[in-house]
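Participant: pasting the structure only:
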């Protein structure tokens, strides 16, 4: 059996009797300094242990084939009507989606970008409008020609005024003209303007009456507007609100639609048009026309992660546009890629990476304004965006946070075609990977032990040197020889 004395022989920390030790003032000072040093270094080490460091690497994008990227935007166009505003997406793989409406909302705005009503609904998409076949037939003028001088007179005189705003050079206006004049003649014979007066079909040549057409925010030709007297007077200027007609343009449909408008209006009560009592069968072919000429477009689209274009322009399958009069000036309130990161998550990320989130909305608040004139017409505004994906992997809960940042370069380009606002985006094949790195607890314990042992040892050496030096000096003073 091993004796106690043998076990004591391996004691590294043998004790010296207290009576054999000597305390000194210098040793006490070094002890205090050593204790304060240990506490200070321990606090620094603890702070370093609790903090999180990060490592950044650039790797090939890990997105799988078929992944989609979300583009969120809120853009205001002071001179583009919601009636024709179209959001289109295309890419190098051949994807070509026109007039996206499912995830897009439109609001009419005034020149100061203030909304003028509720959400503007574009109605059914893809409806082919039927035209008449009377292009080769002879016809007489049945509609009334309106000008800026007599427009208000007719709009206040008749319960319903239906106006065709057209341009002689427009293909669709030319196709509509025979059916319109023939229908107008039939309506005039059935509802004599002098004796009945409930409805009149008229026309305005926008090449001659440009100011009148701009006053009613006409941007596409032909545009058919329905003005009702009494029930739709605007409080701000006393002018009539109006509806837009989007139905078929053959003679029979035009005549039947006009009769639908007239039927609910009693002959003896011509001053007031019926409000909310029209036949429901006509609801799909007429909708409130924009009160102002601007439009705010907001929402999101999903695109493939390949180079592509987001294009906002005036588009219609049955209207023509005058490129020289189109103004695609816009103000970008928001434009970002990927899903929006929650504010709480973003604040956590910024504690880790102070610079994250600095370029995910680089175009926010930017204005791009052009003023069409003889020397500055047909201006397309292009934005070239280079997108880089950043992934942050947290060590606390191994959460993966994705953010897309981009650089932007913009320019105004004159085009022979209808001006557009184009956002060309291109994703980098590389991505930035940011990983949080936390120190292990064992590393912390090892450093604490090193601090305590190191400070204790260094203090002991200094105490020994100081003590021996002081003894030597006392001996020299006493004149002792060595």
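Facilitator: On my side now, so go ahead. Source: prediction; values computed, not measured. Numbering: from 1, shown residues only.
Participant: how much space is there between residue 366 and residue 338?
Facilitator: According to CB to CB, to the nearest Å, residue 366 and residue 338 sit 20 Å apart. To be clear about C-beta, it is placed using only N, CA and C from the backbone, and glycine gets the same treatment.
Participant: list the buried residues for stretch 458-474?
Facilitator: 459, 463 (16 or more other CB atoms under 10 Å).
Participant: what's that stretch in contact with?
Facilitator: Applying CB atoms under 8 Å, 6 or more residues apart in numbering, the contact partners of stretch 458-474 are 24, 26, 27, 30, 31, 33, 34, 37.
Participant: still on that earlier bit, more neighbours: residue 366 and residue 338, which one.
Facilitator: Between residue 366 and residue 338, residue 338 has the larger neighbour count (other CB atoms under 10 Å), namely 17 against 14.
Participant: show me what contacts the more buried one?
Facilitator: Residue 338 touches 69, 70, 360, 402, 403, 404, counting by CB under 8 Å, 6+ apart.
Participant: now do the same for the nearest residue to it once chain neighbours are set aside: its pLDDT.
Facilitator: Nearest non-adjacent residue to residue 338, counting by CB to CB, 6 or more residues apart in numbering: residue 404, 4.2 Å away. On the pLDDT scale, residue 404 is placed at 90.
Participant: show me which residues of the helix or strand harbouring residue 404 are buried.
Facilitator: Here residue 404, judged by DSSP states H and E, is contained in strand 400-414. Across strand 400-414, burial judged by 16+ other CB under 10 Å covers 401, 403, 404, 405, 406, 408.
Participant: got a list of contacts for that strand?
Facilitator: Residues contacting strand 400-414 (CB under 8 Å, 6+ apart): 69, 336-339, 341, 345, 349, 356-360, 362-363, 366, 368, 370, 376-394, 425.
Participant: same question, stretch 189-199
Facilitator: With CB under 8 Å, 6+ apart as the criterion, stretch 189-199 contacts 157-162, 187, 200, 258-259, 261-262, 265, 267, 270.
Participant: can you get me a residue count around residue 27?
Facilitator: By other CB under 10 Å, neighbour count at residue 27 equals 17.
Participant: same thing with residue 119?
Facilitator: Quick note: residue 119 (other CB under 10 Å) scores 12 neighbours.
Participant: quick one on the thing from earlier: derive a ChimeraX selection command for the buried subset of the contacts of strand 400-414.
Facilitator: Only the buried entries of the contacts of strand 400-414 go into this ChimeraX selection, using 16+ other CB under 10 Å:
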select :69,336,337,338,341,349,356,357,359,360,362,363,368,370,377,378,379,380,381,382,383,385,387,388,389,390,391,392,394,425
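Participant: can you tell me which of the contacts of strand 400-414 end up in strands?
Facilitator: 69, 336-337, 366, 368, 379-393, 425 (DSSP state E).
Participant: quick one, phi psi at residue 22?
Facilitator: Dihedral angles of residue 22 (phi, psi; degrees, to the nearest 10) stand at phi -130, psi 130.
Participant: that one and residue 461, how far apart?
Facilitator: Residue 22 sits 18 Å away from residue 461, going by CB to CB.
Participant: kindly report the same for residue 85.
Facilitator: 82 Å.
Participant: for the one residue sitting closest to the centre of the chain, what are its contacts?
Facilitator: When CA atoms, centre = their mean is applied to the chain, the residue found nearest the centroid is residue 73 (1.6 Å). Counting by CB under 8 Å, 6+ apart, residue 73 makes contact with 297, 298, 299, 300, 310, 332, 334, 335, 336.
Participant: recalculate using a threshold of 7 Å.
Facilitator: 298, 334, 335 (CB atoms under 7 Å, 6 or more residues apart in numbering).
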